[in-house]
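Chemist: After the sequence you'll find the predicted model.
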There are 2 protein chains.
Amino acid sequence: MSNLKKDRKPLEIPKPTFERLKKYLALLLQEESEYISSEGIAEKLNITPEQVRKDFTYINIKGKPKVGYHIPPLINELSELFGIGVMDNIIIVGAGNLGSALAKYAGFKKIGVRVVAIFDNDPVKIGSFVGELSVLPFSEENLKRVIKRFKVKIGVICVTEESAQEVANVLVRNGIKALWNFAPVTLKVPPGIVLENQDITTGVLTIKHLLEKK
Amino acid sequence: MSNLKKDRKPLEIPKPTFERLKKYLALLLQEESEYISSEGIAEKLNITPEQVRKDFTYINIKGKPKVGYHIPPLINELSELFGIGVMDNIIIVGAGNLGSALAKYAGFKKIGVRVVAIFDNDPVKIGSFVGELSVLPFSEENLKRVIKRFKVKIGVICVTEESAQEVANVLVRNGIKALWNFAPVTLKVPPGIVLENQDITTGVLTIKHLLEKK
DNA sequence: TAGATTGTTAATCGATTAACAATC
DNA sequence: TAGATTGTTAATCGATTAACAATC
């Protein structure tokens, strides 16, 4: 046993390309026309058309000279890349404003994500409704039941800095495979667990830096 | 007039380095010891120590062999880079859950950001309190007054997809210099206006993709 | 057909990694 | 001093850009 290969196959798609593919998808989902050219995409995202075409060589898609790319199949192809066809059930821990905002977010459906439960420890919040969901007490028992019943792999952390690591531990202990962390802390997770930090404040640092040099 | 130079001086710090510097700062602000080595930083962020040292060559900082980097001056140096010493007043448009979460976020202070007003058009929300702030009606008059009085340069967009572009237009028209957009739309802004998109959903796409290939 | 736009290869550019000298 | 860790240069790697042929 313990023959986990160390050679985790590197993403065959380069990281920068991958990040741009996400933006293309977001853009295409907003688009109403049927075709779009590499130039059309490029100018909305402030990149070059060559870059767009190059990026598309990583996915199985063909454009038509003089016309551009047919949007529906493009969306399909990108959807497959991100596993959007498969609906993932997720749970949210922390029913504060941020957790509530996510729980109610309508756009998840389009990207194959469904919030099936929201947890909190605050007695005032427990039992109250966030959208269609009633806030559940954050007990291991509840957690275990929900995770099992809905085959939940992804847990979202919307608690304070102080409790985030503990929440992460509990989630992982109960079978969660990926953490989406909104708390401004550097979490430690066991190998094999996917961790995605979504530090919401970093954006404003870029803004401050750009404004400064004007 | 109209002698705006097209040659916007490229960020002398490479983009990837810049992004990592933000992470270093976030990490250091959590750190309690006095010194940290490149190795110490590297392992928490899953990068190499060489990378950390190389990144630090872009800022004016010296480490001590055998000891590492003295954290307070490091924080100072990074703070200066991001313009954290200068407090920026920002306004939030949209007092839904997300806008409210941001308005109450305590961590802004540490990075030189202060929320001075929150706006909404919903009569139910207007006049109610979000933290210490009373929600103001989103009128150009109010906007103009607040922007002038608090010298606001940064506007945060926390409204729906549908209203985001219109809100952006109004903000820019009234003198806002930078937009921090949380709505899942590709905004169009005039040249010279800083735009930072914070698409909150992209993180989960990465997670889905990583889970898929297991 | 002519022209626009794609797709792809080659050239360039820039970032990361490796190696090692400097130094506390 | 010896050893650990920084700082920096050179080598490698990978991503972007440029050029142009293919094609609708």
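Modeler: Happy to help now that I have it.

Chemist: just how off-centre is the helix ranked longest in chain A within its chain?
Modeler: In chain A, taking DSSP state H as the definition, the longest helix is helix A:15-30. Distance, stretch centre to chain centre, for helix A:15-30: 13 Å (Cα atoms, centre = their mean, to the nearest Å).

Chemist: at contact distance from DNA strand C, anything in that helix?
Modeler: No - Helix A:15-30 is not in contact with DNA strand C by Cβ under 7 Å from any atom of the strand; minimum separation 9.2 Å. Glycine gets a C-beta too; all of them are placed from N, C-alpha and C.

Chemist: Can that helix be said to contact DNA strand D?
Modeler: Yes - counting by Cβ under 7 Å from any atom of the strand, DNA strand D is contacted by helix A:15-30 at A:15-17.

Chemist: the inter-axis angle of that helix versus helix B:15-30?
Modeler: In terms of direction (axes from the mean of the first three to the mean of the last three Cα atoms, to 10 degrees), helix A:15-30 departs from helix B:15-30 by 90 degrees.

Chemist: Next, the buried residues of helix A:15-30.
Modeler: Within helix A:15-30, the residues that count as buried by 16 or more other Cβ atoms under 10 Å in any protein chain shown are A:17-18, A:20-28.

Chemist: Make JSON lines from those and add distance to residue A:37 to it.
Modeler: Shown next, in JSON lines, are the buried residues of helix A:15-30 (distance: Cβ to Cβ, whole Å):
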{"residue": "A:17", "distance to residue A:37": "19"}
{"residue": "A:18", "distance to residue A:37": "22"}
{"residue": "A:20", "distance to residue A:37": "16"}
{"residue": "A:21", "distance to residue A:37": "17"}
{"residue": "A:22", "distance to residue A:37": "20"}
{"residue": "A:23", "distance to residue A:37": "16"}
{"residue": "A:24", "distance to residue A:37": "13"}
{"residue": "A:25", "distance to residue A:37": "17"}
{"residue": "A:26", "distance to residue A:37": "18"}
{"residue": "A:27", "distance to residue A:37": "13"}
{"residue": "A:28", "distance to residue A:37": "13"}
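
Chemist: What segments of chain A are helices?
Modeler: A:15-30, A:38-45, A:49-56, A:71-81, A:97-104, A:140-150, A:161-173, A:202-212.

Chemist: Quick one: closest of these to residue A:129.
Modeler: The closest of the helices of chain A to residue A:129 is helix A:97-104. By Cβ to Cβ, the value is 9.9 Å.

Chemist: Check the offset of that closest one from the chain's centre.
Modeler: With Cα atoms, centre = their mean as the basis, helix A:97-104 stands 14 Å off its chain's centre.

Chemist: What pLDDT does the model give the residue nearest to the spatial centre of chain A?
Modeler: Nearest to the mean C-alpha position of chain A, by Cα atoms, centre = their mean, lies residue A:180 at 7.3 Å. For residue A:180, the pLDDT comes out at 98.

Chemist: what does the one 3 residues further on give?
Modeler: Confidence per residue is given as pLDDT, and for residue A:183 that number is 96.

Chemist: Nearest spatial neighbour of it, chain-adjacent residues omitted?
Modeler: Distance criterion Cβ to Cβ, 6 or more residues apart in numbering or on different chains; nearest residue to residue A:183, sequence neighbours excluded, is residue A:164 at 3.6 Å.

Chemist: how near is the one you found to residue B:39?
Modeler: Taking Cβ to Cβ, to the nearest Å as the measure, residue A:164 falls 24 Å from residue B:39.

Chemist: For residue A:120, grab the count of nearby residues.
Modeler: Applying other Cβ atoms under 10 Å in any protein chain shown, we find 24 residues neighbouring residue A:120.

Chemist: for residue A:190, same thing?
Modeler: 10.

Chemist: Contacts only, for it.
Modeler: Residue A:190 makes contact with residue A:172, according to Cβ atoms under 8 Å, 6 or more residues apart in numbering or on different chains.

Chemist: Skipping adjacent residues, who's closest to residue A:172 in space?
Modeler: In space, and not counting its chain neighbours, residue A:172 is closest to residue A:193: 5.8 Å by Cβ to Cβ, 6+ apart.

Chemist: so what's the one you found up against?
Modeler: A:172, A:176-179.

Chemist: Please tabulate these in JSON lines and include neighbour count as additional columns.
Modeler: Below are the contacts of residue A:193 laid out as JSON lines (neighbours: other Cβ atoms under 10 Å in any protein chain shown):
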{"residue": "A:172", "neighbour count": "19"}
{"residue": "A:176", "neighbour count": "23"}
{"residue": "A:177", "neighbour count": "18"}
{"residue": "A:178", "neighbour count": "25"}
{"residue": "A:179", "neighbour count": "23"}
